[in-house]
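**Student:** Any chance you could fold what I've pasted below:
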Amino acid sequence: MPWRFNWNLSVSKDITIYKTHKISLRADIFNVLNLVNYKWGGYKSVINTNLYNVNGFDPATTSWKYSVNANAGTLTKNTNPYSLQFGLRYSF
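**Tutor:** Residues are numbered from 1 along each chain as shown. Next comes the predicted model:
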């Protein structure tokens with residue numbers, strides 16, 4: 001969906017120790033926008049789409065009792081918090 005914003009960042013560095021022996025360092029940041037600013041890096045969705053709440057049935061008048069849901073169509077922010085992952089690899 002084009003209105004969802006979720007960016008990931010990965011950085012790696014190879015360090016040569018001896019001939020073909022290397023150490024690789026890696027850092028991954030998932031949902032970078034949420035790390036920079038908690039208001040970024042997510043999307044808004046409509047919650048509670050029920051316009052009416054049924055409260056019961058009145059057999060005397062053969063009609064339903066209901067109330068209008070004042071929160072119908074409310075937007076809420078959905079997002080995953082940021083997370084960090086670090087890695088270390090030795091290759092030879």
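**Student:** Can you list the low-confidence ranges for the chain?
**Tutor:** Along the chain, the model assigns pLDDT under 70 to residues 1-4.
**Student:** how about the helices in it?
**Tutor:** 32-36 (DSSP state H).
**Student:** can you map out the strands along the protein?
**Tutor:** Applying DSSP state E to the chain gives strands spanning 8-18, 21-30, 43-47, 52-58, 63-68, 74-78, 83-91.
**Student:** Quickly compare these and say which is most buried.
**Tutor:** Burial of the strands of the chain is given as mean neighbour count (mean count of other Cβ atoms under 10 Å); strand 21-30 ranks first at a mean of 14. Every residue, glycine included, has its C-beta placed from N, CA and C.
**Student:** As CSV, could you dump the C-alpha coordinates of that strand?
**Tutor:** Presented in CSV, the C-alpha positions along strand 21-30 are these (Å, rounded to 0.1, in the frame of the first residue of the first chain):
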residue,chain,number,x,y,z
HIS,A,21,40.7,-14.2,7.0
LYS,A,22,38.1,-11.5,7.5
ILE,A,23,35.7,-10.2,10.1
SER,A,24,32.4,-8.8,8.9
LEU,A,25,30.5,-6.4,11.1
ARG,A,26,26.9,-5.6,10.2
ALA,A,27,24.1,-3.4,11.7
ASP,A,28,20.5,-3.6,10.6
ILE,A,29,17.9,-1.0,11.7
PHE,A,30,14.3,-1.9,10.9
